[in-house]
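> Okay, sequence plus prediction incoming.
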Amino acid sequence: MTASPVLELRNVSAGYADTPILHDVSITVPAGSVVALLGPNGAGKTTLLRCASGLLRPTSGSVWFDGQDTTRAKPHQLARRGLCHIPESRGVYPSLTVRENLVLHTSRADHKQVIAEAVEHFPSIGRRIDQRAGDMSGGEQQMLAVVRSYLAGPKLVLVDEVSMGLAPVIVDRIYEFLTAVVKGGTSLLLVEQYVSRALAVASSVVLLGKGRVGFQGAPSELKDDVFAHYMGAAAQVTKD
Ligand code: ATP
C-alpha cells in the first residue's frame, strides 16, 4: 500500500514578477519519506520550496499539505499545521540568544523541556544557550535551525542546502539527526548540493531542470544519462 502524500504540488507554475520559473511542476512527498530535490543552480529548487511553504503563491496549479488544499495558505498557518521550512539562510534570529531562538519557535509551554531536548541532541547548543545566536559558528547555527524545527513537532520539514559551507564532520552530525527525525515519522523534502549524501538518505528523488520536473522516482531507477542531462555541470558531483 502506498503511503498517503504529506505534500503534493499539482501542475504548479510560479515565478517572480514577470519571470516564470516553475512550469507545470507536479511532485509528491509520501508521508514518512525523504524526497531529494536535485537540480543545477537556478533550476527553481528554492522557488519550489517557497511555493510549498506559502512564501510564494503559484500563478497556477495547487499545493496540498496533509490532505488539504493549502495553495492560498499563509506560511504561519502552514507552520502551525506542521510544515516547517529551513531556508538556506537558516532563519535563525542572530541578535536573540540561543535560548530565545528555541523558545520563540515552539508553541510548547514546557520551555525547560524544549531546551533540554535541544541540548540532548546537540550538546554544543547547551554551552551556547545564553549567547547571541549570531555569534555562533555556521555549523552551530545550522544545528540550532534543524533542532528548533524538529522540536516544533513537524509533519514535514523543507530543508534548503543544509550542508552549505559546513565542515563534513558537522554535516555528518546533522544528517544523523535528520535520519533519526525521519525514523520518528517526520517527512523531509531535501534540497542538497552534495548529491551522494542526499541520495543516501532519500527514498525518492526529483530532478528539476529549468523549472520542469525531469524525473521522479526511486534513486535506483535514476539512469546516469538522465541524471547527467539534468544536472549538467553539477553532475561532476557524482550520483554514486
Ligand atoms: P540555487 O541552487 O542557485 O539556489 P535554485 O534551483 O534553488 O538554485 P532558485 O533559487 O529557485 O533556484 O532560483 C530560480 C531562478 O529564480 C533563478 O534564475 C533566480 O535568479 C530567480 N530568482 C530567485 N529568487 C528571485 C527573486 N526573489 N526575484 C527574482 N528572481 C528570483
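Done, it's in.
> correct me, but Trp106 touches Val114?
Just to correct that, residue 106 is Thr rather than Trp. Yes - using C-beta atoms under 8 Å, Thr106 is in contact with Val114, at 5.2 Å. Quick note: C-beta positions are derived from backbone N, CA and C, even for glycine.
> okay, and the common contacts of these two?
Common contacts of Thr106 and Val114 (C-beta atoms under 8 Å, 6 or more residues apart in numbering): Leu151.
> In the helix or strand of the chain with the lowest mean pLDDT, which residues are buried?
Sorted by mean pLDDT, DSSP states H and E, the helices and strands of the chain end with helix 224-231, the least confident at a mean of 83. Residues of helix 224-231 classed as buried: 227, 230-231 (neighbour count, 16 or more other C-beta atoms under 10 Å).
> same thing with stretch 40-48?
40, 43-48.
> Give me the residues contacting it.
9, 12, 14-16, 21-22, 25, 27, 37-39, 56, 87-88, 160, 191, 208-211, 230-234.
> what do you get for stretch 206-219?
20-28, 35-40, 43-45, 47-48, 199, 202-205, 222, 226-227, 229-232, 239.
> So which of these belong to strands?
In strands, judged by DSSP state E, the following of those are found: 20-28, 35-38, 204-205.
> now the helix ranked longest in the chain against strand 34-38, angle please.
The residue-count maximum for a helix in the chain (DSSP state H) belongs to helix 168-183. Relative orientation of helix 168-183 versus strand 34-38 (axes from the mean of the first three to the mean of the last three C-alpha atoms, to 10 degrees): 130 degrees.
> Now do helix 168-183: distance to the chain's middle.
13 Å (C-alpha atoms, centre = their mean, to the nearest Å).
> Ok, stretch 87-101 next?
16 Å.
> and that stretch, which residues are buried?
87, 90-93, 97-99, 101.
> Make CSV from those and add secondary structure, distance to the ligand and pLDDT to it.
Below are these laid out as CSV (DSSP: H, G, I helix; E, B strand; the rest coil; distance: C-beta to the nearest ligand atom, whole Å; pLDDT from 0 to 100):
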residue, secondary structure, distance to the ligand, pLDDT
Pro87, coil, 11, 88
Arg90, coil, 14, 81
Gly91, coil, 15, 82
Val92, coil, 19, 89
Tyr93, coil, 21, 91
Thr97, strand, 30, 95
Val98, helix, 27, 95
Arg99, helix, 31, 92
Asn101, helix, 24, 92
